[in-house]
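Asker: Could you look at this predicted model? Sequence included:
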Protein chains: 2
Amino acid sequence: MSQGKASASQQLFTPVKNKRTFEEVSSNIKELILDGTLKVGDRLPPETQLAQQFNVGRQTIREALRLLELSGFITVQRGGGGGTIIKDTILRRISDLFIDAFRMRRVGIEAITQARLEVERIILDYALTNATKDDLEKLRANVGQANKLIKAGRLATEANAQFHGLLAKATGNPVFVMVLESIMAVHLDFLTRVPASLETSEKVVMAHEQLLEAIEQGDRAKAQSLLEAHLTEVRERLHQVDQEEA
Amino acid sequence: MSQGKASASQQLFTPVKNKRTFEEVSSNIKELILDGTLKVGDRLPPETQLAQQFNVGRQTIREALRLLELSGFITVQRGGGGGTIIKDTILRRISDLFIDAFRMRRVGIEAITQARLEVERIILDYALTNATKDDLEKLRANVGQANKLIKAGRLATEANAQFHGLLAKATGNPVFVMVLESIMAVHLDFLTRVPASLETSEKVVMAHEQLLEAIEQGDRAKAQSLLEAHLTEVRERLHQVDQEEA
DNA sequence: TCACATTTGTCCGTATGTATC
DNA sequence: AGATACATACGGACAAATGTG
């Protein structure tokens, strides 16, 4: 890349083929998905047929499928009746890459907590003005389910994580959902190393419930201070673990 | 990992193999990179040798390499003297996935602009308190380079995008860098559809210069209003394009 | 400039594992 | 339980690209 000048800083001829064949196949299928020709739930033909239709070898098809799989566009099931199915798991893939990136750069837990706090502040702000009745109902249902789990003596870790995702959705802006889920994936990755106790799980549910009430009442100031307190507590808990490990 | 209790409702034996072979190989190599055994710049053995060492077929190795490649851990060059080299391109991969995610969900430009504005607000806030002399020097150099390009009658698109990345770096928190670059990648993806004029490019550089001066003087209020104005202008330009297309 | 060695890219044939009916 | 359909995996072979002498 980056060939400065050809005649006048612009290249006259673009190479007919610079991508590898499996990349060609991959982006070919990707475009079909993105433009709606192939929809979620649809099934792709078997690899052998794909190879024939694209007029390439099976190995090429397989490598193309690996790209699509890791990009979150398809899932592959082996065995009879299985095959390749269009499915949107991009967000999970982004989260996975975020986790990798943090491990690679050896980013500390403080940086993540700080970023999460700031993002959640924004989210709360937007959620307070944009949340629909449907959003609030879903948040209510989430807290209800979490309470149920706690009373049954079970952990509500997953539901508790979901609460923040629902809050992000209530902003009406999907970008906030993506950003929050990416950051939270890293956060949760750290959290899995600390044995979750029933008490802390219960505390979290209570905090969510109070926060939700403040949101429902439109009490901005109260909601903000509750969020602050909630996340500060999470931060303390994580730092404790961080030091124990070190 | 994470087997709480072994007697009731918990599995005693975990399956020896649930991952596919190429996934096994991939995460094997990935761990070697993450724990520092393999460092950036190192070269992996040729595929045939890898196949022998892992005792698998070359096809399996190739699919494993595709995963690592798309995850941003390696780059592959063909030909003599080429091969697989450890290289960290995770951030670029995340940006690519973000672009895919937006196309897939058909998120509008307004949502992205809004999110970017909020994130940049935070970044400016942190940069104002945390920026080191080195950070400021790099920002200065960036503006200088951009000005040079403009005077030479060339566009400064790349440098202008880099300015915001440098600002994010000045927060001292790498999470902000990741989030901003992800959002900006989508933004730039939209921007490539509008033919950039020399005048707008120049305008942007001037805005950056003014903003930098305010930061250097520690004038928080001024910096904030300048940022606001700058991003609002970008927003207007984009919306214009958006409507022309529709 | 040209030939050569190295390494990835691609194809084919075949066998095995696995899930569904 | 058996047949079927599909992904998974192996091995061998050749083509294409790219650096080196």
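Answerer: Nice, thanks for sending it over. Residues are numbered from 1 along each chain as shown, chains lettered A, B, ... in the order given.
Asker: Could you use CA atoms for every contact and neighbour count after this?
Answerer: Will do.
Asker: domain ranges for chain A?
Answerer: A:21-86, A:91-245 (automatic domain parsing).
Asker: lowest-confidence stretch among the ones you listed?
Answerer: In terms of average pLDDT, domain A:91-245 trails the rest of these, at a mean of 93.
Asker: Distance of the most centrally placed residue in chain A relative to DNA strand D?
Answerer: Nearest residue to the geometric centre of chain A (CA atoms, centre = their mean): A:L91, 3.7 Å. Distance of A:L91 to DNA strand D, computed by CA to the nearest atom of the strand, to the nearest Å: 21 Å.
Asker: How is that residue classified with respect to secondary structure?
Answerer: Following DSSP: H, G, I helix; E, B strand; the rest coil, A:L91 is assigned to helix.
Asker: so does the lengthiest helix in chain A get close to chain B?
Answerer: In chain A, taking DSSP state H as the definition, the longest helix is helix A:220-245. No: Helix A:220-245 stays out of contact with chain B when judged by CA under 8 Å from any CA of the partner chain, the minimum separation being 15.9 Å.
Asker: how about JSON lines for the domains of chain A, with distance to B:A168 added?
Answerer: What follows is the domains of chain A, written out as JSON lines (distance: least, CA to CA, whole Å):
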{"stretch": "domain A:21-86", "distance to B:A168": "26"}
{"stretch": "domain A:91-245", "distance to B:A168": "12"}
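Asker: which other helices and strands contact the longest helix of chain A?
Answerer: helix A:109-130, helix A:198-216 (3 or more CA pairs under 8 Å, 6 or more residues apart in numbering or on different chains; DSSP states H and E).
Asker: Would you mind putting those helices into a markdown table with mean neighbour count and distance to A:E47 alongside?
Answerer: Output for these, formatted as a markdown table (neighbours: other CA atoms under 10 Å in any protein chain shown; distance: least, CA to CA, whole Å):
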| stretch | mean neighbour count | distance to A:E47 |
| --- | --- | --- |
| helix A:109-130 | 19 | 42 |
| helix A:198-216 | 18 | 46 |
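Asker: closest one to B:Q77 among these?
Answerer: Nearest of those to B:Q77, taken as CA to CA: helix A:109-130 at 34.7 Å.
Asker: I'd like to check what contacts the helix or strand just after the closest one. Which residues are they?
Answerer: As assigned by DSSP states H and E, the chain's next helix or strand after helix A:109-130 is helix A:133-151. Residues from elsewhere that reach helix A:133-151 (CA atoms under 8 Å, 6 or more residues apart in numbering or on different chains): A:155-156, A:159-160, A:162-163, A:166-167, A:169-170, A:198, A:201-202, A:205, A:208-209, A:212, A:216.
Asker: ok, now which ones touch the closest residue to A:A168 other than its chain neighbours?
Answerer: Nearest residue to A:A168 in three dimensions, chain neighbours excluded: A:V177, at 5.1 Å (CA to CA, 6 or more residues apart in numbering or on different chains). Taking CA under 8 Å, 6+ apart as the contact definition, A:V177 lies against A:165, A:168-169.
Asker: same thing with A:T171?
Answerer: A:123-124, A:126-131.
Asker: Now do the buried residues in the helix or strand where A:F163 lies.
Answerer: Taking DSSP H and E as the criterion, A:F163 maps to helix A:157-169. By neighbour count on 16 or more other CA atoms under 10 Å in any protein chain shown, the buried set for helix A:157-169 is A:157, A:159-160, A:162-169.
Asker: Quick check: buried residues in the helix or strand following that helix?
Answerer: Next helix or strand after helix A:157-169 toward the C-terminus (DSSP H and E): helix A:174-191. Under the neighbour-count criterion of 16+ other CA under 10 Å, helix A:174-191 has A:174-187, A:191 buried.
Asker: before we move on, the earlier item: out of the helices and strands packed on helix A:220-245, nearest to chain B?
Answerer: helix A:109-130 (5.7 Å; CA to the nearest CA).
Asker: Can you get me the centre-to-centre distance for the closest one and its chain?
Answerer: Distance, stretch centre to chain centre, for helix A:109-130: 16 Å (CA atoms, centre = their mean, to the nearest Å).
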